[in-house]
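Asks: need the 3D shape of this:
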Amino acid sequence: AERGDDLTAVTEAAEAASRAIATMGVALSSCHLPDEQTGQRVPDGSVEMGLGIHGEPGVDVMQTQNSQQIVQHLLEKVMPDNDQPRALLINNLGGMSALEMSLVTRDLIESPLSLGSDYLIGPAPLMTALDMKGFSVTSMTLTPLFEEAICAPVEVTGWVQAVKVAPLQPVNATKEATAHPAQPSDNPTVAAFVNSICETLIASESELNKLDAQVGDGDTGSTFAAGARQIQRECTDNQLPLNALPDLLAVTGERLATVMGGSSGVLMAIFFTAAAQQLAEEDALPAALQQGLEKMKQYGGAQPGDRTLIDALQPAIEALVAGKSLAEAADAAQQGSDATASMGKAKAGRSSYLNSANLNGVSDPGAVAVARVFAALKKL
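Replies: Reported below is the predicted structural model:
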């Protein structure tokens, strides 16, 4: 029609397309009209094959909700008996999440149906049934006319562009990554420092969570405690390189990146990794910690005064770099932590979404954690 063909040609093309198509839907539930009482048409743990978009009965009920098994059953219905080029369309019937549709798409892409397909359309909500939780799969045998049509550009938001189906081509790395695992070693003095830090963070878990619940998402204590438990466990099991500080800092960064999660885990990993690299160049520990702090600020974006743990960590490290004692560094960290309670606007982290009324009088939980760690260390 867009090309200007007459109605007869348009009708013939539509009829030919209908004959070239095989389609089947599968649903875990029927659709529900507004004000309609919700019923349970499909039994728990089952799916109905061929359930219509208006709730018409399907052709079969499968006692499974396993995506791979469902896809395998669909292949029997829509797999063409020829080896001609074809297109595959994956349609969301309305109630499937993006995650669920991605799972279905993955299983279809790995199936024989996709291996013989030239184009993929979807996954997308192209023909829906309100909130029906299910999907449909359509296979279309292509002719030059059909291929031109499905690839033609359109100006409607309800249609998604067909894309070429191509297998992933692995790329061989030019260099093989090598790791040099740190060797465990014993150092009672360093072990005491490590255990003091870990025990402080674990003991502070509940209080830090309560603080964070007022200004964030309530998990700062749990996040730091998770990292502390992992490091303490490895220290107890004599798995840490306690006699080689650069290696110890590097291992700490690796572990925190894995077990802490969220932005805090990433930032602490950056801090310890950068400090380890600087310390390996035979720099002093305070200067190495300063380098870790600078990298954390660079990649995290926070600066002093933004109401984050930087407000406690930076003055403490600056005190150490200036040659001051650990007790003086702890006092600086405490002053920085206390100052966050009067900062009416946060410029980084989840607290940045809150207004001053929610922040006034509440110290930043990350800064409190830093201050408590230094307070514990000065007692050693």
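Asks: what are the buried residues along stretch 202-210?
Replies: Buried residues in stretch 202-210, counting neighbours by 16 or more other Cβ atoms under 10 Å, are found at Ile202, Ser204, Glu205, Leu208, Asn209. The C-beta positions use only the backbone N, C-alpha and C, and glycine is treated the same way.
Asks: before we move on, which element is the last one in?
Replies: Think Asn209. helix 205-215 (DSSP states H and E).
Asks: so for that helix, what's the average pLDDT?
Replies: Averaging pLDDT along helix 205-215 gives 88.
Asks: tell me what angle whatever helix or strand comes next after it forms with helix 205-215.
Replies: Of the helices and strands lying after helix 205-215 in sequence (DSSP H and E), the nearest is helix 220-236. Counting by axes from the mean of the first three to the mean of the last three Cα atoms, to 10 degrees, helix 220-236 lies at 150 degrees to helix 205-215.
Asks: who touches stretch 364-374?
Replies: Stretch 364-374 is contacted from outside by 197, 200-201, 204, 208-209, 211-212, 215-216, 220-221, 224, 264, 307-313, 316, 326, 329-330, 333-334, 336-337, 340, 343, 346, 349, 351, using Cβ atoms under 8 Å, 6 or more residues apart in numbering.
Asks: show me where pLDDT drops low in the stretch 1-150 of the chain?
Replies: Residues of the stretch 1-150 of the chain that meet the criterion pLDDT under 70 lie in 36-40, 43.
Asks: before we move on, what about the stretch 201-350 of the chain?
Replies: Looking at the stretch 201-350 of the chain by pLDDT under 70, you get 344-350.
Asks: Val47 and Leu74: what is the separation?
Replies: Distance, Val47 to Leu74, by Cβ to Cβ, to the nearest Å: 10 Å.
Asks: I misspoke; the intended subject was Arg19.
Replies: Here the criterion is Cβ to Cβ. By it, Arg19 lies 20 Å from Leu74.
Asks: who has more neighbours, these two?
Replies: More crowded of Arg19 and Leu74, by other Cβ atoms under 10 Å: Leu74, with 24 against 9.
Asks: contacting residues for Val190?
Replies: Residues near Val190 by Cβ under 8 Å, 6+ apart: Leu242, Asn243, Leu245, Leu248.
Asks: distance check, Met296 against Phe271.
Replies: 5 Å.
Asks: swap in Thr157?
Replies: In terms of Cβ to Cβ, Thr157 sits 45 Å off from Phe271.
Asks: how far does whichever strand or helix holds Asp338 sit from its chain's centre?
Replies: Taking DSSP H and E as the criterion, Asp338 maps to helix 326-339. Its chain's C-alpha centre and that of helix 326-339 lie 35 Å apart, by Cα atoms, centre = their mean, to the nearest Å.
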